[in-house]
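[1] Any chance you can model this:
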Amino acid sequence: MTIVLSIAIAVSVFLAIALLSAPFLMRPSLAERRMFALVHATREDVLRRIGPREAVREAVLSLAHKFRAGVGLGENKQVEERLISGGLRGSRATDLYFFARFLCPLAGVFAGGFLAHVSYFWVLALGAAGYLAPDFWLRRRIKARAEKIRRSIPDALDLMVICVDAGLGLDQALQRVGLELSLSHPEINQEFAQINFEQRAGKGRIEAWQSMAGRTKIEEFTSFVTMLVQTDRFGTPIIRALSRFAEDMRMKRRQRAEEAAAKTKIKILFPLVLFIFPCIFIVLLAPAVLSIGTLLQTMGK
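    Predicted structure coming up:
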């Protein structure tokens, strides 16, 4: 009976994880989306056939949208801002997030009911863990994305200095830098593209940059917006301000690398004491201890 319960729990968890990760794992790549945009047409003889992966993804997203509409959950600006900070844009991301917040607790309660010693504590604990799991995943994603953007800022500023020094305006340099970093740093390319879209929609340059600083919550972007405001107010040459700011960013990145290297000496101390040193002592002292034991036995006889 225990084997049957274990198999039921494993199958339930696997199905829940597969259902939640299907839209992300089956999402078409950038090249596939471009090809779809090129070959998509209204003529019936040139319509592209939807593959099984895209069909499953669209079915899951459609189910999430219908569930949200049926439950009557309205738009939540705070959740949408968090999803955008995590790189998830569009209404479907919001639908999927709310659907996961509803499905994960049910999966946790269902899995808790199959435990060998069923108790209300485990049912409630797994249900609460399922409810908090999407929020925890989103927080980790936002933090990881912000760290990737922070690492790419010095390279982006160096390229921006080169573009502005070559004669491009700040907006054109921003667009060019985003295209150049689209492969190595796609996260900062998305943010630069969002700034370009907002400026085309009529938002001012400083407001667009402040919006990006609010989305990413990165100190370097806040400092960069402050530098742009001061440059615009006092008439300082933008190339000089960018060069100085890029130099400061490179220095900060070097200092963070040195700080991480200094912390490594302390972090490696615990694995050395707990795992490596005992093995070394066993390898070095075990033969001697065995030899001494054998010698004592011989002398005792």
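[2] Run through who's touching stretch 170-189.
    87, 145, 148-149, 151-153, 155-156, 159-160, 163-164, 168, 192-193, 195-196, 199, 205, 238 (Cβ atoms under 8 Å, 6 or more residues apart in numbering). C-beta coordinates here come from the backbone N, C-alpha and C atoms, glycine included.
[3] cutoff 6 Å now
    145, 148, 149, 152, 156, 159, 160, 163, 164, 192, 193, 196 (Cβ atoms under 6 Å, 6 or more residues apart in numbering).
[4] name the element the fifth one belongs to?
    Residue 156 is part of helix 120-165, with elements assigned from DSSP states H and E.
[5] if we can go back for a sec, buried only: go through the contacts of stretch 170-189 for me.
    145, 149, 152, 156, 159, 160, 163, 164, 192, 196 (16 or more other Cβ atoms under 10 Å).
[6] now, which of those sits nearest residue 296?
    Among these, residue 145 lies closest to residue 296 (Cβ to Cβ), at 64.2 Å.
[7] Distance of that closest one relative to residue 188?
    10 Å (Cβ to Cβ, to the nearest Å).
[8] Can you give me the pLDDT of residue 36?
    Looking at residue 36, its pLDDT reads 65.
[9] scratch that, residue 60
    58.
[10] Report how many residues lie close to residue 295.
    Neighbour count for residue 295, taken as other Cβ atoms under 10 Å: 10.
[11] Now the helix or strand containing it: average pLDDT?
    Assigned by DSSP H and E, residue 295 falls within helix 277-300. Here helix 277-300 scores 80 as its mean pLDDT.
[12] Send me that helix as CSV with only the CA atoms.
    What follows is helix 277-300, C-alpha atoms only, in CSV (Å, rounded to 0.1, in the frame of the first residue of the first chain):
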residue,chain,number,x,y,z
PHE,A,277,40.3,17.4,6.5
PRO,A,278,38.6,14.3,8.0
CYS,A,279,39.2,12.4,4.7
ILE,A,280,42.8,13.5,4.6
PHE,A,281,43.3,12.3,8.2
ILE,A,282,41.7,9.0,7.5
VAL,A,283,43.9,8.4,4.5
LEU,A,284,47.1,9.5,6.3
LEU,A,285,46.5,8.0,9.8
ALA,A,286,44.5,4.8,9.0
PRO,A,287,47.5,2.8,7.8
ALA,A,288,49.6,3.9,10.8
VAL,A,289,46.7,3.0,13.2
LEU,A,290,46.3,-0.4,11.6
SER,A,291,50.0,-1.1,11.8
ILE,A,292,50.2,0.0,15.5
GLY,A,293,47.2,-2.2,16.3
THR,A,294,48.8,-5.2,14.5
LEU,A,295,52.1,-4.6,16.3
LEU,A,296,50.4,-4.4,19.7
GLN,A,297,48.5,-7.6,19.0
THR,A,298,51.8,-9.4,18.1
MET,A,299,53.5,-8.1,21.2
GLY,A,300,50.6,-9.2,23.4
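[13] can you give me how far that helix is from the chain middle?
    With Cα atoms, centre = their mean, to the nearest Å as the basis, helix 277-300 stands 52 Å off its chain's centre.
[14] contact partners of it?
    Outside helix 277-300, no residue touches it (Cβ under 6 Å, 6+ apart).
[15] same thing but 10 Å
    Here helix 277-300 makes contact (Cβ atoms under 10 Å, 6 or more residues apart in numbering) with 271, 272.
[16] Kindly report the same for stretch 136-151.
    By Cβ under 10 Å, 6+ apart, stretch 136-151 touches 20, 79, 82-88, 97, 100, 104, 129, 132, 156, 185-188, 190-191, 212, 215-221, 249, 252-253, 256.
[17] Next: stretch 246-254.
    Under the criterion Cβ under 10 Å, 6+ apart, residues 150-151, 153-162, 219-220, 223-224, 227 lie in contact with stretch 246-254.
[18] can you list the domain ranges for the protein.
    Domain assignment for the chain by automatic domain parsing gives 2-144, 146-264.
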